[in-house]
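# coords please:
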Amino acid sequence: MPVRVGIDTGGTFTDLVLVGDDGRTLRLKVPSTPSDPAEALVGGLRRALETAGGGRPSAVAHGTTVATNAMLEQRFQALALLTTRGFRHVLEIARQSVPSGYGNSYFWVKPPAIVPLERVFEVSERLSFRGEVLTPLDEDGARAQARRLRELEVSAVGICFLHAYANPAHELRMREILLEEHPQAAVSISSEVWPEYREYERTVTTLVDAFVKPHVTGYLERAERRLQDLAPEAPLLIMKSNGGVMPASAVARRPISTALSGPAAGALGASWLAREAGFQRVITIDTGGTSTDVCLVEGAEPQLTREGRIGPFPVRVPMIDIVSVGTGGGSIAWISPEGGLRVGPRSAGAAPGPMAYGRGGEQPTVTDAHLVLGRLPDALAGGAVPLHPDLSARGVDRIAERLGLDRERAAAGILELSAHNQANAVLELTVKRGIDPTGQALVAFGGAGPLQASRIAEILGLGTVLIPPSPGNVSAFGLLAVDLKDEYVLTLVRRHDEVDPAEVAALFVRLEVDAVESLRAEGVAEPRISLARTVDVRYLGEAHEITVPAARPFDTTEAVEAFHDAHERIYGYAYRDLAHRNVVEFVNWKVTGLGLIERPRLETAPPGGSGHPVGRRGGFSVYRREDLPAGFAAEGPAIVEEYGSTTVVEEGFTVEVDSLANLVLRRLSPSPLAGEGQGWGPDG
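Numbering: from 1, shown residues only. From the prediction side, this is the model:
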């Protein structure tokens, strides 16, 4: 039987979901292999197919952290930049804005440039902002610089010429010359990576793309080669940061697009499952072994941003707006030099893992604290990972002794700090941006997400928690619920009273032709191709834009009104009636190409099931999730166990099972703030 496969690689586990044409679903978790993630990917798929009794993969969708991990290591010794003569110091100048928390610039030191000045090389050429050639490319000088890069054994090169977004000719020719002289180099050009204005961000983004290209390309080649035996006819689709998937061959040309591949899949999967359950506006929280990723969902769609960062570096590619903190099940509990308890950001990872795994871990983690307090079963992942309470107790006892507490209070303290760390990620995404998070719905998933979801909701004043079926595999499931997606953009700055309809129409046609050709090349049938037009808009003098829909044909008045509405919604004001301040600029014109897929059918709650607890542990009534029929209800404290995850229902919460087998946790005494502000929760 043909099956579609979603595979999400995390720091501790690699999650797999197989969906057959008949709607049946198989979920599996296998330990990740950080030294070579492709090993767990292929090994997990082989085991999943064996467990399912066979199957022919028709597509394999994959979420990967290879690009992000390579960037976080910051080993940029073989990276270089080619730029326009006179602009050699673009990375040193960077931006003058000082991050919040420093008070003033005297206490802030700019992070080191991604490429030091000695590896920045200039080439004589110059374009105007309209793309007009002011100084032709000096090909002899360009060739000399290419040879110099080869002699220096530079393996990755970013090419970013001034105003190349308006005319890529010089960058394209520079790449040809460079590869003629240095064919082993990985080369990225800004007009392909991010063809928008803002020189510093465009330069950094291009350099990041060039740097991760060997890492991502090598990994994808290994993965595709190893998948040949198991899935010879299945295309390998890679999750992109913007919420779509693309064939591995297309991603290899612009690997920076996978910067937040794994977390994006989780946010998309959770938002889709929440929408099917009747929730349009929610906060998703994905907790795995090493980190927690938080995303705001409005209108059943995760919010996008172009202000993303990887470590200290700005990355200007569209990505789902996710805030991450280094708190997960494997986060290590430790005592600071001042004598205080801390949790994370260091993690025990997959190897050796928490002390409970019995694989040589010597430092207590959040997982160990849960086990000490009786919140976890004897084994994880359906028995694949047996747990050792005696080892966990030994680690927590060391923390307890230094704090002068008993074992249970020390473990409870570890969990409380963990919950507050995760709640702070929600506050960073909401309160720090002027959004009131109090309301009703938190969607918790990931292997460790449901363990503390009710406590996090209590801290934040949220009244409802939604736990989807198989929460430990939501990210892998989300990979099967997203369309092929890519964006095409062109910078063309025009005031609202200077827009030429013919010029805009021609521009959109050009972008749409590129989008359609790309989707056709990826095998998308014509009826499943969808195109969406948008434009980035700002008030004259503003530094940042807001994206609004662009009608077909483009209507300037309609777009201006949509911008006023969006500006007022985001910032609290709009210049509708002040004629002298009401100059609007259109900046970036965009077309999003979608290759629509067929979403997998959702399972419903089993009609049977006893609904009775199977035991009691640590003061909690323990239930098996597969025993809970639709309509089941109980009060906490309770634990609901299943393959891949455990849900803890704290005292003061109830748990119900809806028709789609979601666990819906509700507070018995809602926060006095609940229901105010934005009202995050189900419509109506």
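# for stretch 504-518, buried residues please.
Neighbour-count burial for stretch 504-518 flags 504, 507-508, 511-512, 515-516, 518 (criterion: 16 or more other C-beta atoms under 10 Å). (Each C-beta comes from the backbone N, C-alpha and C, glycine too.)
# from those residues, which has minimum pLDDT?
For the buried residues of stretch 504-518, the weakest pLDDT value sits at residue 518, with 87.
# so what's the gap between the helix or strand that contains that one and the chain middle?
Using DSSP states H and E, residue 518 sits in helix 501-521. Helix 501-521 sits 28 Å away from the centroid of its parent chain (C-alpha atoms, centre = their mean, to the nearest Å).
# how about stretch 16-29?
That offset, for stretch 16-29, works out to 23 Å (C-alpha atoms, centre = their mean).
# returning to what we had before: same for the helix holding residue 518, what does it pack against?
Counting contacts by 3 or more C-beta pairs under 8 Å, 6 or more residues apart in numbering; DSSP states H and E, helix 501-521 packs against strand 484-495, strand 529-539, strand 584-595.
# looking at those strands, which is buried most?
Highest mean neighbour count of the helices and strands packed on helix 501-521: strand 584-595, a mean of 21 (counted as mean count of other C-beta atoms under 10 Å).
# that one pairs with which strands?
Sheet pairing for strand 584-595, assigned by DSSP bridges, gives strand 484-495 (antiparallel), strand 529-539 (antiparallel).
# distance to residue 34 and mean pLDDT for those - can I get that in CSV?
Output for those, formatted as CSV (distance: least, C-beta to C-beta, whole Å; pLDDT from 0 to 100):
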stretch, distance to residue 34, mean pLDDT
strand 484-495, 28, 88
strand 529-539, 38, 94
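# looking at those, which is nearest to residue 41?
Residue 41 lies closest to strand 484-495 among those, at 20.2 Å (C-beta to C-beta).
# related to what we said a few turns ago, who wins for proximity to residue 459 among the strands paired with strand 584-595?
Residue 459 sits nearest to strand 484-495 of all the strands paired with strand 584-595, at 34.9 Å, using C-beta to C-beta.
# export the closest one as PDB, just CAs?
Output of strand 484-495 as PDB, limited to C-alpha atoms (Å, rounded to 0.1, in the frame of the first residue of the first chain):
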ATOM      1  CA  LEU A 484       4.900  22.900  -1.300                       C
ATOM      2  CA  LYS A 485       5.700  26.500  -0.900                       C
ATOM      3  CA  ASP A 486       8.200  29.100  -2.200                       C
ATOM      4  CA  GLU A 487       8.300  32.900  -2.300                       C
ATOM      5  CA  TYR A 488       9.500  35.200  -5.200                       C
ATOM      6  CA  VAL A 489      10.200  38.800  -4.400                       C
ATOM      7  CA  LEU A 490      11.400  42.000  -6.000                       C
ATOM      8  CA  THR A 491      12.200  45.300  -4.400                       C
ATOM      9  CA  LEU A 492      10.700  48.300  -6.200                       C
ATOM     10  CA  VAL A 493      10.100  51.400  -4.000                       C
ATOM     11  CA  ARG A 494       7.100  53.500  -5.100                       C
ATOM     12  CA  ARG A 495       5.000  56.100  -3.300                       C
END
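# tilt between that strand and helix 501-521?
Strand 484-495 and helix 501-521 are oriented at 170 degrees to each other (axes from the mean of the first three to the mean of the last three C-alpha atoms, to 10 degrees).
# chain center to strand 484-495: distance?
Offset of strand 484-495 from its chain centre (C-alpha atoms, centre = their mean): 22 Å.
# pull the residues that contact stretch 394-403.
The contact list for stretch 394-403, computed with C-beta atoms under 8 Å, 6 or more residues apart in numbering, reads 333-335, 339, 341, 355, 361-365, 368-369, 372, 406-407, 409-411, 413-414.
# could you turn the buried ones of those residues into a PyMOL selection?
Buried subset of those, written as a PyMOL selection, criterion 16+ other C-beta under 10 Å:
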select buried, resi 333+334+341+355+361+363+364+365+368+369+372+407+410+411+413+414
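# out of the contacts of stretch 394-403, which sit inside strands?
Among these, the members found in strands (DSSP state E) are 333-335, 341.
# residue for residue, what is the longest helix the chain has?
In terms of residue count, the longest helix belonging to the chain (DSSP state H) is helix 199-227.
# ok, how many other residues are close to residue 267?
Here the number of neighbours of residue 267 (other C-beta atoms under 10 Å) works out to 30.
# will you turn the ones in strands among the contacts of stretch 394-403 into CSV that also has distance to residue 395?
Putting the ones in strands among the contacts of stretch 394-403 into CSV (distance: C-beta to C-beta, whole Å) gives the following:
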residue, distance to residue 395
333, 8
334, 11
335, 12
341, 13
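# just give me the closest of these to residue 27.
Checking the ones in strands among the contacts of stretch 394-403 against residue 27 by C-beta to C-beta gives residue 333 as the nearest, at 29.8 Å.
# circling back to that earlier point, ok, which of the helices and strands packed on helix 501-521 comes nearest residue 393?
strand 484-495 (48.2 Å).
# tilt between that closest one and helix 199-227?
Going by the same axes, to 10 degrees, strand 484-495 is angled at 170 degrees with respect to helix 199-227.
# hang on, the earlier thing: I'd like the strands paired with strand 584-595 as a markdown table, with distance to residue 282 appended.
Converted to a markdown table, the strands paired with strand 584-595 look like this (distance: least, C-beta to C-beta, whole Å):
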| stretch | distance to residue 282 |
| --- | --- |
| strand 484-495 | 22 |
| strand 529-539 | 23 |
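# closest one to residue 650 among those?
Residue 650 lies closest, by C-beta to C-beta, to one member of those: strand 484-495, at 38.5 Å.
# buried residues, the longest helix of the chain. List them.
199, 201-217, 219-220, 222-224, 226-227.
# following that helix, which helix or strand comes up?
Helices and strands here follow DSSP H and E; after helix 199-227, the next one along the chain is strand 236-239.
# got the contact list for that following strand?
With C-beta under 8 Å, 6+ apart as the criterion, strand 236-239 contacts 59-64, 220, 223-224, 227, 245-248, 251, 258, 261-262, 264-265, 479, 482, 484.
# below-threshold pLDDT in the stretch 401-550 of the chain: ranges please.
Low-confidence segments of the stretch 401-550 of the chain (pLDDT under 70): 439-440.
# per-residue confidence for the residue lying farthest from the centre of the chain?
Taking C-alpha atoms, centre = their mean as the measure, the residue most remote from the mean C-alpha position of the chain is residue 140, 42.9 Å away. We have a pLDDT of 96 for residue 140.
# the residue nearest to residue 609 when sequence neighbours are not counted: which element?
Nearest non-adjacent residue to residue 609, counting by C-beta to C-beta, 6 or more residues apart in numbering: residue 629, 4.0 Å away. Using DSSP H and E, residue 629 falls within no helix or strand.
# let me see the contact set for residue 629.
Per C-beta under 8 Å, 6+ apart, neighbours of residue 629: 605-609, 611, 657.
# quick one, which of those are buried?
605, 609, 657.
# any idea whether the first one is helix, strand or coil?
Okay, so that is residue 605. coil (DSSP: H, G, I helix; E, B strand; the rest coil).
# could you report the distance from it to residue 137?
As judged by C-beta to C-beta, to the nearest Å, residue 605 and residue 137 stand 65 Å apart.
# surely residue 234 touches residue 5?
Yes. Contact criterion C-beta atoms under 8 Å: residue 234 and residue 5 qualify, at 7.4 Å.
# more neighbours: the two, which one.
Here residue 234 and residue 5 are set side by side on neighbour count (other C-beta under 10 Å), and the busier one is residue 5, at 30 against 20.
# mind checking the SS state of the closest residue in space to residue 85 that isn't next to it in sequence?
Closest residue to residue 85 apart from its sequence neighbours, by C-beta to C-beta, 6+ apart: residue 122 at 4.2 Å. Under three-state DSSP, residue 122 falls in the strand class.
# tally of neighbours for residue 122?
Residue 122, neighbours per other C-beta under 10 Å, totals 15.
# could you do residue 351 as well?
If you count neighbours by other C-beta under 10 Å, residue 351 ends up with 15.
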